[in-house]
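Chemist: my questions concern the predicted model and sequence given below.
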Amino acid sequence: MRRFDYAKKTIMSIAKPLLDYAKSLKPQKGFTQSFSAFKRLMKYHRRYCWFIVAILILALVRSILFSLEPLYTTFIIINVIGPPSNTSLLWGYLSIIVLAGIGYAISNFVLTLVHGVMSQYIVRDIRTEYYRSLQGKSFSFYDSVAVGDLTSRATVDLQMVDMFLRTWLGTVLNAVFFTIIIIVIIYPISPIMTLISMATMPLIFYFTTRLWVETMPLFRNMQLIIGRLSSYIQQNIVGMKTVRIFRREKEVVDGFKEVENIYVNTAITAGKIQSIYMPLGPAILTLGIALVYVYAGYSISIPGSVLMVGDIILFARYMMRLTFPLRDLSTTLGTWIAAYAGLERVLEMTDAPRNVEDLPDAKDIKIEKGKLELENVTFGYAKDRPVLNNVTFTVQPGEKIAILGATGSGKSSLIYLIPRFYDIQAGSIRIDGTDIRQFKLASLRRQIGVVLQDVFLFSGTIRENIAFGKPDASMDEIVQAAKAARIHDFIESLPSGYDTPVGERGVTLSGGQKQRITIARALVSNPKMLIMDDSLSFVDAKTEQEIQSAIEEATKTRTTLIIAQRFSTIKTAEKILVLENGSVAEFGTHDLLIAKNGVYKKVYETQFVQKASPILEETGGA
Amino acid sequence: MSGSYGTFSTKQEEKRKRTVPDRVLIRRVYEYAQANKRNLRIGITATIIGAFTGLASPYMHAIAIDRIITPSVTDPKNLMGFLWWIPLFAAIILGNYVFQYIQTYQMRVVGENVVAKMRDDMMEKLQVISLRYFSEGEAGRIISRPTNDANTVRIFLRVGLTSILVDVSSILGSFAIMFYLDLRLSLLAMSVLPVALVLVWYLGKYSRAAYRRTLITTSGLTARMQEDLAGIKVTQAYAQEQETEKKFLKSQDENVKATIRAILIGSSYTPFVIGLRLIGTMIILFYGVNAVLTGTITLGILVAFTEYQFSYFMPLVDLVSMYDQYQSAMSAIERIFDVIDTRIEVLDAPPERSIALQ
């Protein structure tokens, strides 16, 4: 019974964070937030003030021309049809209507185009800023976000912003200008009727605002849920193998359905509010026409009235035409709601702190020897929970240090501190006596060869991948690096050799082959220092040997820190560093540590002596 | 991986033209809507009635002008006509509002539920199909189906489908009323229609081609972004941020150019449509004025005609612009069913045959 309960408890564990998040989203006052997002969006417009001036002028022209057709139709009714009728004026009026129409069509076309171009430039600027900011974020940022989510912010969310940017200004100006022009035309005809016809405007404005205020938080929540849902799907797909192994399929789907359900309910609630308010504006405006008729009918029947049937028709037609800009305006408000939520998601990442940055006085410094000193280094991903505590050790130029430790002992963190993938909280790290923070980041990183735990190759040719860190590398340098990484012969055996594409459309490489290419990539610029996270432990014996040989060749003359999984690696290292709970437990040569009779000796006896290499301390690494 | 049955279509296949006919896809989506059959029926009925009540309004104006206002100039007693006109008009407006409310709400319920069901089915299927579909590099493409594709369908069902229904009913309704009001004038008003259709279709073809090009560059941009971010640690480790940024900006520029081109082409046919509408208006006014003068039609009908002409041209332009949305929704639906229909290769043994490991 107890076991059953336990199983039940874990049922929702995969989707739980997502579900909790979806449930935690409360409809809140998004109005002021939306306003500050809008102000932020305006800042992006600043570069394009000439576009805005053009849009202003074009919108004014367009509104004026749009108002001429009903006006001249009325002139036809009053002056041509009469009484008294005068057909000679008909052609003149008709040609004005046509000319105004052509002018309207052209100004409309140019306006759409100018607006569209401006929107694309602004979207480009926002996306570029977003991309640049991401380029500068530290590893700790990437440890906490999903790549799929970051991509969808720059595409799906920005698409929402794009939709809004394409028409918003034109639509707003159109509604404002057209209303003003109509008032200017009809006010002299009958001030009272103008007041009557505009009497419904505050009501329309009120309901539009209500629509906005009530639906905005819901749409925002929907978009936030969709963002999370996408990364949930992504995690499921990327980690499908694990899901299958642990038979968690049902759990994944059930959790998904539950969150999806929250989303659907929110969407339907928002839909209900929209369907109440959206058709209300045009309906109220049309009812306003009835009021105009009543007054008009009454005043026209009074003897001596100057009001004519044509005038009343003009009023009615203008009010009918006014429904179009109003409808557009309400659509634009709808797109703003989505755009706002999207923009918020984009800027959230753009504004996230960089963490690791160049100091103002950082310089390009050449690493001459490659002596590495760590002194009282303390580091943690969260401030109050240090992963590394007071770590102190020195590596002489050209020395190879093998780092050992259990999962979570801080091995990866330690070696990633050297190229400043993370910044330490206390202590100092020096290369050739210079604090690494005195280096410019690019200068530091280009001089340290790095083989990450995760073997990632970019789509492109093998040659491009090896030369990644040194795009101007000669073919000779590339081949040298490949030879040292023991991958040259394999590459030569491929039909297109070094020009063989890898990745989605290219040749499929095994994990071992990929790792050796990443080693070649680290060697191509012939760095003085090398850090390697060698956690590829699930390989067969032959590959194991090839990788081993590659590592040996690569580390020969370089100051190297290597996270070791194999005894053969440890054997060839000058010194061994054993990490335990974030502190240096033991540091010294193999003989010294054996003599010391401590942790290393125990590990050595239990893991390496009894079992033949390769050892399998952990699968794949954390 | 030859036949496409039982497998995801490959990237190359995806780029090619769609193979499943629209009617098959529509029928299958309709099957999904069966769970909300009632909502769907009510929604569609309300949409059509709503469109017709919307069209009644210009006709009511014609009546007000001809039967109440114009006669009142000579005999104020006719004003009493407003006593029946105003309640009737208000009822029509109210009816129009109520039907629009029902339509928007019910179609939303249907749309959201259909897409949710599709997405659930996709997720369920993804858990059981062979692991070989999840090979490297394919992840992005698979992910986009329950996310981007599902979203495209959602937007289409929410906005597109309703617009198509409203537009078609408005156009047909306008025609019906115009023919009822005056046969000769309606034929004249519609004389520009064939030209407009041909023109709009022809220009629409260019616009669709440009739109597709935008989609291709967009997915290129997405792929670039995805890869750059997946490899960001490598990029940073080798301090190659500027190099990758250069490539990214290049692919972004291509996308911006393609989009601007699509906007240019997409907006270039509206002037032609407006021009044709103008010609239609001219014809109506020219013959209409003479007809009013000879007493063949009333002034109210002439005014109503110019309004109806306006109210069938706008939906027409709208329908054409809907075509893109319709096409991309159909492609998305096809890709979604592609996942749902994927054959399961490794089936679980039925429970009675499964063996418990002791």
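Modeler: All right, it came through fine.
Chemist: can you name the next helix or strand after the helix or strand harbouring residue A:316?
Modeler: Element membership for residue A:316, per DSSP states H and E: helix A:309-350. For helix A:309-350, the succeeding helix or strand toward the C-terminus, using DSSP H and E, is strand A:372-379.
Chemist: that next one pairs with which strands?
Modeler: Using DSSP bridges, the strands paired with strand A:372-379 in its sheet are strand A:388-395 (antiparallel), strand A:426-431 (antiparallel).
Chemist: now mean neighbour count too, for the ones you listed, in a markdown table please.
Modeler: Using the backbone N, CA and C atoms, a C-beta is placed for each residue, glycine as well. Conversion of these to a markdown table gives the following (neighbours: other Cβ atoms under 10 Å in any protein chain shown):
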| stretch | mean neighbour count |
| --- | --- |
| strand A:388-395 | 18 |
| strand A:426-431 | 17 |
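Chemist: domain-wise, how is chain A divided?
Modeler: Following automatic domain parsing, chain A resolves into domains at A:12-350, A:356-447+A:527-622, A:458-526.
Chemist: and those: which comes nearest residue B:66?
Modeler: domain A:12-350 (9.8 Å; Cβ to Cβ).
Chemist: for the stretch 451-600 of chain A, what lies in contact range of chain B?
Modeler: Proximity of the stretch 451-600 of chain A to chain B, by Cβ under 8 Å from any Cβ of the partner chain, involves residues A:452, A:454, A:456, A:458-459, A:468-469, A:471, A:503-504, A:521.
Chemist: now, those residues that are in helices?
Modeler: Those of these mapping onto helices are residue A:521, per DSSP state H.
Chemist: just the closest of the residues of the stretch 451-600 of chain A next to chain B to residue B:287, please.
Modeler: Closest approach between those and residue B:287, by Cβ to Cβ: residue A:504, at 64.0 Å.
Chemist: JSON lines for the strands paired with strand A:372-379, including mean pLDDT?
Modeler: What follows is the strands paired with strand A:372-379, written out as JSON lines (pLDDT from 0 to 100):
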{"stretch": "strand A:388-395", "mean pLDDT": "91"}
{"stretch": "strand A:426-431", "mean pLDDT": "92"}
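Chemist: out of the ones you listed, which gets nearest to residue A:512?
Modeler: Comparing these by Cβ to Cβ, strand A:388-395 comes nearest, at 27.8 Å.
Chemist: show me what counts as buried in the next helix or strand after that closest one.
Modeler: With elements assigned by DSSP H and E, the helix or strand that comes after strand A:388-395 is strand A:400-405. Residues of strand A:400-405 classed as buried by neighbour count (16 or more other Cβ atoms under 10 Å in any protein chain shown): A:400-405.
Chemist: rebuild the residues you listed as a markdown table, extending it with pLDDT.
Modeler: Converted to a markdown table, these look like this (pLDDT from 0 to 100):
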| residue | pLDDT |
| --- | --- |
| A:400 | 89 |
| A:401 | 91 |
| A:402 | 90 |
| A:403 | 91 |
| A:404 | 87 |
| A:405 | 84 |
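Chemist: output the contacting helices and strands for the longest helix belonging to chain B.
Modeler: For chain B, the longest helix by residue count, based on DSSP H, is helix B:241-294. Here helix B:241-294 touches helix A:90-135, helix B:183-190, helix B:193-230, helix B:299-340, going by 3 or more Cβ pairs under 8 Å, 6 or more residues apart in numbering or on different chains; DSSP states H and E.
Chemist: where does chain A have low pLDDT?
Modeler: A:1-14, A:26-32, A:503-507, A:535-540, A:608-622 (pLDDT under 70).
Chemist: rerun at 50
Modeler: Counting by pLDDT under 50, chain A contains low-confidence ranges at A:1-11, A:611-622.
Chemist: distance of residue A:413 relative to residue A:358?
Modeler: 22 Å (Cβ to Cβ, to the nearest Å).
Chemist: neighbour count for the two, which is higher?
Modeler: Taking neighbours as other Cβ atoms under 10 Å in any protein chain shown, residue A:413 and residue A:358 compare with residue A:413 leading, 22 against 17.
Chemist: check contacts around that one.
Modeler: Residue A:413 sits next to A:379, A:381, A:387-388, A:422 when contact means Cβ atoms under 8 Å, 6 or more residues apart in numbering or on different chains.
Chemist: for residue A:579, which three-state class applies?
Modeler: Secondary structure for residue A:579, judged by DSSP: H, G, I helix; E, B strand; the rest coil, is strand.
Chemist: please state the offset of stretch B:152-168 from the chain centre?
Modeler: Remark: stretch B:152-168 is offset 4 Å from the chain centroid, using Cα atoms, centre = their mean, to the nearest Å.
Chemist: can you list contacts of it?
Modeler: Counting by Cβ under 8 Å, 6+ apart, A:271, B:44, B:47-48, B:50-51, B:103-104, B:107-108, B:110-112, B:114-115, B:118, B:315-316, B:318-319, B:322, B:325-326, B:328-329, B:332-333, B:336 sit against stretch B:152-168.
Chemist: stretch B:115-122 now?
Modeler: Here stretch B:115-122 has contacts from A:253, A:256-257, A:260-261, A:263-264, B:32, B:35, B:145-146, B:150, B:153-154, B:157, B:336, B:339-340, using Cβ under 8 Å, 6+ apart.
Chemist: buried subset of those residues?
Modeler: By 16+ other Cβ under 10 Å, the contacts of stretch B:115-122 give A:253, A:256-257, A:260, A:263-264, B:32, B:145-146, B:150, B:153-154, B:157, B:336, B:339 as buried.
Chemist: pLDDT below threshold where in chain B?
Modeler: For chain B (pLDDT under 50), the answer is B:1-14, B:358.
Chemist: reformat the buried residues of strand A:400-405 as CSV; add distance to residue A:213.
Modeler: As requested, those are exported to CSV (distance: Cβ to Cβ, whole Å):
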residue, distance to residue A:213
A:400, 65
A:401, 62
A:402, 63
A:403, 58
A:404, 61
A:405, 56
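Chemist: phi, psi for residue A:532 please.
Modeler: Residue A:532 adopts backbone torsions of phi -130, psi 130, taken as degrees, to the nearest 10.
Chemist: surely it and residue A:552 touch.
Modeler: No: assessed by Cβ atoms under 8 Å, residue A:532 is found out of contact with residue A:552, at 11.6 Å.
Chemist: which of the helices and strands packed on helix B:241-294 sits closest to residue A:494?
Modeler: Going by Cβ to Cβ, the one of these nearest residue A:494 is helix B:193-230, 21.8 Å.
Chemist: close to chain B, is the helix holding residue A:316?
Modeler: Yes: counting by Cβ under 8 Å from any Cβ, chain B is contacted by helix A:309-350 at A:309, A:312-313, A:316-317, A:320, A:324.
Chemist: that'll do, ta.
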